[in-house]
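Visitor: pasting the sequence and the predicted model now:
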Amino acid sequence: MASSEEDGSVEEKENNNKKRSKSAFVTAWLTFYNIAMTAGWLVLAIAMLRFYLQRGTHIGLYRSISRTLKFFQTVALVEVIHCAVGMVRTSVIVTGVQVCSRIFMVWFVTNSIKQIQNEESVVLFLVVWTVTEITRYSFYTFNLLKHLPYFIKWARYNMFIVMYPLGVAGELMTIYTALPYVRRSGMFSMRLPNKYNVSFDYYIFLIIVMLSYIPLFPQLYFHMLRQRRKVLHGEVIVEKDE
Ligand SMILES: CCCCCCCCCCCCC/C=C/C(=O)SCCNC(=O)CCNC(=O)[C@H](O)C(C)(C)COP(=O)(O)OP(=O)(O)OC[C@H]1O[C@@H](n2cnc3c(N)ncnc32)[C@H](O)[C@@H]1OP(=O)(O)O
């Protein structure tokens, strides 16, 4: 009996040790990840600023930063994994929609349709994403290091009120501008008859994507408003299981 009790406590200790080392590993990984992402988006901010100061125009700006943007925005897919494996307490669905819509904007809209790359709307969402991500990743970093300056916390949970609608406006205007080019070129589309017997119209798909912002964006926005109430005003919020 005594030995099984002892075994139990040894097992418990081992489990606790495992939990502790796992959380130390998770904290180390997240700290590294957030520092790297803050640096990445800072590099983008500096590159955009330098481009504009040197050339005095936004024409060519997207092309000049596209590689760095594609790299750091694509890496953000890791955040969906963070949620899925329980490394962070965030919904996989909310993060998935946020990250996938950004990756879609970068790869399948802005990068694929060269004619729209110099639109002002592209600059709008690029600037908004950059400011948002520098704030968000530095918030996570300082939070993990337990030295969070209040102004970063304040910025994280206030700036989105304006930045989210601005970013979405930039994205929607960009997709809208792309529509005529997509229709004319028939890009990413498959017409019947073909050997797979499948038809796909990218033009219609883009319209569906634009319409999907109507139900999806308010959910992301209200999620952030709930986070804001929780973090800035200490409200206890009971989240539904997702
Ligand atoms: C195939 C095509 C599909 C297309 C579909 C189209 C539809 C799309 C519709 C909507 C499109 C939106 C497009 C987006 C545009 C923009 O981004 S515009 C710019 C403005 N944007 C923002 O302000 C972004 C706001 N959103 C976010 O911050 C996040 O992405 C979020 C997932 C929506 C919310 O973040 P969340 O993590 O839930 O909240 P937090 O309060 O920040 O964190 C919760 C807890 O999780 C911890 N945590 C999360 N990530 C990390 C991390 N990387 N490192 C460490 N910790 C992390 C965080 O600390 C919190 O933990 P606790 O303190 O323990 O609660």
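Guide: It's in. Residues are numbered from 1 along each chain as shown.

Visitor: rest of the way, CA atoms for contacts and neighbours
Guide: Will do.

Visitor: next SSE downstream of the worst-scoring helix or strand of the chain on mean pLDDT?
Guide: Lowest by mean pLDDT, DSSP states H and E among the helices and strands of the chain is helix 2-55, with a mean of 80. The element immediately downstream of helix 2-55 (helix or strand, assigned by DSSP states H and E) is helix 61-75.

Visitor: average pLDDT across that next one?
Guide: What helix 61-75 shows for mean pLDDT is 98.

Visitor: please apply the same query to stretch 178-196.
Guide: The average pLDDT for stretch 178-196 rounds to 94.

Visitor: could you pull out the buried residues of it?
Guide: With burial defined by 16 or more other C-alpha atoms under 10 Å, the residues of stretch 178-196 counted as buried are Ala178, Leu179, Val182.

Visitor: for stretch 203-215, same thing?
Guide: Tyr203, Leu206.

Visitor: identify the residues contacting the residue nearest the centre of the chain.
Guide: Centroid check for the chain by C-alpha atoms, centre = their mean gives Val99 as the closest residue, at 3.9 Å. Going by C-alpha atoms under 8 Å, 6 or more residues apart in numbering, Val99 touches Gln73, Ala76, Leu77, Val80.

Visitor: thought the first one was touching Ile103?
Guide: So the one you mean is Gln73. Yes. At 6.4 Å, Gln73 and Ile103 qualify as touching, with contact defined as C-alpha atoms under 8 Å.

Visitor: coming back round to it: would CSV of the buried residues of stretch 178-196 with distance to Thr132 be doable?
Guide: Formatted as CSV, the buried residues of stretch 178-196 follow (distance: C-alpha to C-alpha, whole Å):
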residue, distance to Thr132
Ala178, 25
Leu179, 27
Val182, 29
